[in-house]
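>>> Okay, structure incoming, though there's no sequence with it:
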């Protein structure tokens, strides 16, 4: 198993790819999730089954997250200003004006190194088609668009191992059970290549998500200009030491 090959689409499916008929009131469908999970375990290339599991088990997590978001002062400000985070993240010239060592520069380096773009997340989402209420749609899109900022801020890469860790972190932040199930399935699969280190790293990621400040409500536009290490301290995000150690050991052993 090559854990450096990302076979779950860079977690772009992970947080906010809404495909249910009513994402604000999505009932749980555990039997559908179990069948899809079995299909995914048998054939990891069937990435469409990831969507099935998440949609079957997300329940009302996005609605609950939105309710919490709109009650925060920053959430109210973002909604009233009708902010579009995607526009900011697509402005690479603007990102390049941030000082070295800032979140903005780190994010720019990340997307250039990975050869990705913030609008690539849009392809995996049907938010515009399926959410009519403007404020809820704005929130859903913002959650989707900040995903790679979470990668940079937490330190988890887009390799399969890093994606599984970020899924666990995101589950702790949002309570989306579909993400938790996929993280658990990823852990079981990764243990074959990484041993107990996979379990320890993913568990550390979950605990980190619990300890961290609530990322959905953050003023990411303002944070881009701040030093990355200060952002991490402000958000109470510790280095993913277990993930980094296990991943480095794996790369050395397979060099």
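Nice, thanks for sending it over. Just so we're clear, the structure is a prediction, and the values are computed from it rather than from any experiment. Residues are numbered from 1 along each chain as shown.

>>> burial measure for residue 100, as a count.
Residue 100 is flanked by 8 other residues according to other Cβ atoms under 10 Å. Just so you know, the C-beta spots here come from the backbone N, C-alpha and C atoms, and that holds for glycine as well.

>>> which secondary structure elements does the helix or strand hosting residue 108 contact?
Here residue 108 sits within helix 103-114, counting by DSSP states H and E. Helix 103-114 sits against helix 92-95, helix 147-154, helix 228-234, with contacts defined as 3 or more Cβ pairs under 8 Å, 6 or more residues apart in numbering; DSSP states H and E.

>>> For the residue most central in space within the chain, report the pLDDT, please.
By Cα atoms, centre = their mean, the chain has its centre lying nearest to residue 147, at 4.5 Å. In the prediction, the pLDDT value recorded for residue 147 is 93.

>>> Ok, residue 27 next?
Residue 27 is assigned a pLDDT of 72 by the prediction.

>>> Report the separation between the closest residue to it other than its chain neighbours and residue 133.
Leaving aside its sequence neighbours, residue 27 sits nearest to residue 59 (Cβ to Cβ, 6 or more residues apart in numbering; 7.0 Å). As defined by Cβ to Cβ, to the nearest Å, residue 59 lies at a distance of 18 Å from residue 133.

>>> more neighbours, the two?
Set residue 59 next to residue 133 and count neighbours by other Cβ under 10 Å: residue 59 wins out with 18 against 11.

>>> Out of the helices and strands packed on helix 103-114, which one sits most buried?
Most buried of the helices and strands packed on helix 103-114, by mean neighbour count (mean count of other Cβ atoms under 10 Å): helix 147-154, with a mean of 22.

>>> tell me how far that helix is from the chain's mean position?
Here the centre of helix 147-154 is set off from its chain's centre by 7 Å, with Cα atoms, centre = their mean, to the nearest Å.

>>> what's that helix packed up against?
Other elements packing on helix 147-154 under the criterion 3+ Cβ pairs under 8 Å, 6+ apart are helix 103-114, helix 160-174, helix 228-234.

>>> Specify the stretch among the helices and strands packed on helix 103-114 that is closest to residue 180.
Nearest to residue 180, of all the helices and strands packed on helix 103-114, is helix 147-154, at 15.9 Å by Cβ to Cβ.

>>> which residues touch the closest one?
If you take Cβ atoms under 8 Å, 6 or more residues apart in numbering as the criterion, helix 147-154 is touched by 11-12, 14-16, 89, 103, 106-107, 110-111, 116, 118, 121, 157-158, 162, 165-166, 169-170, 205, 208, 215, 220, 228, 231-232, 235, 237, 240.

>>> distance of residue 253 from residue 188?
Taken as Cβ to Cβ, the spacing of residue 253 relative to residue 188 amounts to 21 Å.

>>> Just want to know which of the two has more residues nearby.
Residue environment comparison for residue 253 versus residue 188 gives the larger neighbour count to residue 188, 14 against 8, counting by other Cβ under 10 Å.

>>> Not counting sequence-adjacent ones, nearest residue to the more buried one?
Residue nearest to residue 188 in three dimensions, not counting chain neighbours: residue 41, with 7.6 Å by Cβ to Cβ, 6+ apart.

>>> I'd say that neighbour and residue 189 touch.
Yes - Residue 41 is in contact with residue 189 according to Cβ atoms under 8 Å; the separation is 7.0 Å.

>>> So those two - more neighbours on which side?
Applying other Cβ under 10 Å to residue 41 and residue 189 shows that residue 189 carries more neighbours, namely 19 against 13.

>>> That one reaches residue 43, doesn't it?
No - counting by Cβ under 8 Å, residue 189 sits too far from residue 43 to count as a contact (11.5 Å).

>>> What residues sit buried inside stretch 96-112?
Under the neighbour-count criterion of 16 or more other Cβ atoms under 10 Å, stretch 96-112 has 98, 102-108, 110-111 buried.
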